[in-house]
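Undergrad: Pasted the sequence and its predicted model underneath.
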Amino acid sequence: MTAAVRVDGLRKRYGRVEVLRGVSFSVQPGEVVGLLGPNGAGKTTTLRVLATLARPSGGSASVWGWDVVRHPDRVRACVGVVPDQAGVYGRLSARETLRYYGALCGLRRAELDRRIEQLVAWLGMAAFADRPAGTYSRGMRQRLHLARALLHDPPVLVLDEPTAGLDDPTAQAVRDRLRALAREGRGVLLTTHLAQEAQRVCDRVVVLWDGEARAELVPDQFARWPQFGPDRP
Amino acid sequence: MRVAWAVVAKELVDLVRDRRALLVGLLLPAVAVPAVSEFLQANAQRRLQTPARVAVVGTHRAPALLQAARGLLEPVTVADPLDALRRGQVDAVLVIPEGFEQAARRGGAELTLKYRAQDPQGLVAREKVLRVVAEYALPLVDRALAQKGLSRDLLTPVRLREEPTGGGGGWLGFTIPLFVVVWAFGGAAVVAADVTAGERERGTWDLLLCSPASRWGIVAGKFAACSVAGFALATAAVASQLALSGLRPGPSAGQLAAVAAASLCASWVAASGALGLGLMARSAREANQYALPLYLAALATAAAADGLRTWPGASFVPVLNAFLLAQAAVGGGLEAGRLGAALASSLLAAGILLSLARHLLEREQRGV
């Protein structure tokens, strides 16, 4: 079976600083995998490589079987990305934003409208979907980003700290949606620096430390890594 | 193509909804600058039509001269003429010596004019005094020649008959081409900084880059949005200038179409250049700083246009061709060949600059 994400000996260098030093892991369809590590461990860089926003210095990375360097267009078509601290178009509403990204993804108008209504309902955005996004709370913005990432129905999702800064009910709603997406057969890769957050949503966790994958854990093993955050299990 | 349409539509909606920026950044200069230009021109006209304020020393020594000065000079009485000149209370000081009229009748009379050589008011006063002196001297010359049985024609064996024709455009022949270039660059550069580096600052740039949209589509859409902004601003500035000038009869449809074509040419080049600079910048402020030399280069090209007008290659030089095209449209002498050359060469230059912009976009993704 084609892995949703496969990373093999991934290296990334910014000038003289090596941020990733041979990271390897994979994500299977239907699985939620977390990249767990402290700030500066290389989580975001790994996600940027998978989102084709950065080119690896060595090793390889593929999404749904497509190599990120050789087939970036194919990769973009099958991955939905939610970057950390992503902005919104403040003067466009959620519906207008989604229509814009849908057009960028090449979706036809009728299909796009149907998809937008589905996502607005599924993510509970109906109450604010026609308001300018500049007025949204962080939780509303995060739901908009999730909707945008899912718009072209990608089989793979990569999310950078998807619940960071959200209140508990909103964070739980996002986790529930991610689990539901994995149950549909999508591969979900997310980053977090909190072990408890990883335990709540992930099937498996790859521990990144100083640019290296130090371990792969299942939820009941998370307690062995108590150094991640004050809310360790 | 769909991607480009989506990008340009989104950028224009975003631009139009930013009412404050639209008003301050786009509409206000389009109205205020032509108004200032019109005010300056009216001021220059007024200066020429109003009598120059001249302190005359020895008024009683040349009443006939002062008679000839009516309407051109306004004699002013001051206690200290030189001090008044220094302080700008008068435009010039005319000193009439003792026995001036007798000396003038004999020939060899001399007047002294003091004026500030760096002051436009002083230079205008000088011109007016020269006219007064000529008008005063002419009957004396005629009388002296008549006494000797000679005609004035002997002194002026060659005469110049002036037959002015239309064309040239006057003040508008300079301001309209200038506005076409300046505002096309101004409008395009502001929007280019916002849709590239501005997006990066707002955190939406990565979302755009990780979408499956073609890179050409993104670049083309952003280029179109910047071009529309440059074209709209240049058009608004020209329309405002024409409305303020009260030109009668107004320009013909052909003239307006040619000015619009010149605005398009300038907008294409400005948009593609500013887009590339915006892609290199990390912030909108940096992008605006990068755009400043581009803007100055456009201004310098416009300033050099008069000297390059007859150069055969001028129609193929981006920006210069837009300036000359607008000038020809306003002042007459528009040729289809010049129009075609300007459109084709501007499109070609924009195409080359857009290829560079796309290369920068891809390099950014490769290099980061």
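TA: Sure, I can see it.

Undergrad: Next, the residue in chain A that chain B sits nearest to: secondary structure please.
TA: Here chain A gets closest to chain B at one residue, A:Gly87, 2.9 Å apart by C-beta to the nearest C-beta. All C-beta spots, glycine's among them, are computed from the backbone N, C-alpha and C. In three-state terms, and counting by DSSP: H, G, I helix; E, B strand; the rest coil, A:Gly87 is coil.

Undergrad: Excluding chain neighbours, what is closest to it?
TA: What sits nearest to A:Gly87 in space, not counting adjacent residues and going by C-beta to C-beta, 6 or more residues apart in numbering or on different chains, is B:Gly203, at 2.9 Å.

Undergrad: And the one you found, what's its pLDDT?
TA: Looking at B:Gly203, its pLDDT is 91.

Undergrad: how about it, what does it touch?
TA: Taking C-beta atoms under 8 Å, 6 or more residues apart in numbering or on different chains, we find B:Gly203 in contact with A:83, A:85-87.

Undergrad: same question, B:Ala103
TA: Counted by C-beta under 8 Å, 6+ apart, B:Ala103 has contacts B:97, B:109-110.

Undergrad: just the buried members of those?
TA: Neighbour-count burial (16 or more other C-beta atoms under 10 Å in any protein chain shown) is assigned, among the contacts of B:Ala103, to B:Ala109.

Undergrad: out of the contacts of B:Ala103, which one sits closest to A:Leu53?
TA: B:Glu110 (82.9 Å; C-beta to C-beta).

Undergrad: Is that closest one in contact with B:Gly99, as I believe?
TA: No - assessed by C-beta atoms under 8 Å, B:Glu110 is found out of contact with B:Gly99, at 10.9 Å.

Undergrad: Where in chain A is the helix or strand with the lowest mean pLDDT?
TA: Using mean pLDDT, DSSP states H and E, the weakest-scoring helix or strand in chain A turns out to be helix A:195-201, at a mean of 84.

Undergrad: Mind giving me the packing neighbours of that one?
TA: Packed against helix A:195-201 by the contact rule (3 or more C-beta pairs under 8 Å, 6 or more residues apart in numbering or on different chains; DSSP states H and E) you find strand A:32-36, helix A:168-183.

Undergrad: Can I get the following helix or strand past that helix as CSV, trimmed to CA atoms?
TA: Once helix A:195-201 ends, the next helix or strand along the chain (criterion: DSSP states H and E) is strand A:204-209. Taking Å, rounded to 0.1, in the frame of the first residue of the first chain, the C-alpha atoms of strand A:204-209 are listed here in CSV:
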residue,chain,number,x,y,z
ARG,A,204,1.7,7.1,16.8
VAL,A,205,4.3,9.8,17.6
VAL,A,206,7.7,10.4,16.1
VAL,A,207,9.9,12.1,18.6
LEU,A,208,12.1,14.7,17.0
TRP,A,209,15.0,16.1,18.9
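
Undergrad: Paired strands for strand A:204-209, with orientation please.
TA: strand A:32-36 (parallel), strand A:212-217 (antiparallel) (DSSP bridges).

Undergrad: With distance to B:Ala134 added, can I get those strands in TSV?
TA: Shown next, in TSV, are the strands paired with strand A:204-209 (distance: least, C-beta to C-beta, whole Å):
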stretch	distance to B:Ala134
strand A:32-36	92
strand A:212-217	94
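
Undergrad: Quick check: which of these is buried the most?
TA: Counting by mean count of other C-beta atoms under 10 Å in any protein chain shown, strand A:32-36 has the highest mean neighbour count of the strands paired with strand A:204-209, with a mean of 27.

Undergrad: Across the sheet, point out what pairs with the residue nearest in space to the middle of chain A.
TA: Chain A has A:Leu159 as the residue nearest its centroid, 1.5 Å off, counting by C-alpha atoms, centre = their mean. For A:Leu159, the beta-bridge partners under DSSP bridges are A:Val82, A:Leu190.

Undergrad: Now do it against A:Leu35, distance only.
TA: Using C-beta to C-beta, to the nearest Å, A:Leu159 is found at 10 Å from A:Leu35.

Undergrad: Identify the contacts common to the two.
TA: With C-beta under 8 Å, 6+ apart, A:Leu159 and A:Leu35 have common neighbours A:47, A:189-191.

Undergrad: pLDDT averaged over stretch A:164-177 - what is it?
TA: Stretch A:164-177 comes out with an average pLDDT of 84.

Undergrad: Just the mean pLDDT for stretch B:28-44, thanks.
TA: Stretch B:28-44 comes out at a mean pLDDT of 78.

Undergrad: Which parts of that stretch count as buried, going by neighbours?
TA: B:29-31, B:33-34, B:37-38, B:41.

Undergrad: With chain A in mind, check whether stretch B:10-28 reaches it.
TA: Yes - using C-beta under 8 Å from any C-beta of the partner chain, stretch B:10-28 reaches chain A at B:10, B:13-14, B:17-18.

Undergrad: Let me see the residues that make contact with that stretch.
TA: Counting by C-beta under 8 Å, 6+ apart, A:89, A:91-92, A:96, A:100, B:187, B:190-191, B:194-195, B:221-222, B:225, B:228-229, B:232-233, B:236 sit against stretch B:10-28.

Undergrad: thinking again about what came up before, can you give me the pLDDT of the residue of chain A closest to chain B?
TA: With respect to pLDDT, A:Gly87 has a value of 92.

Undergrad: ditto for B:Pro312
TA: Reading off the model, B:Pro312 has pLDDT 83.
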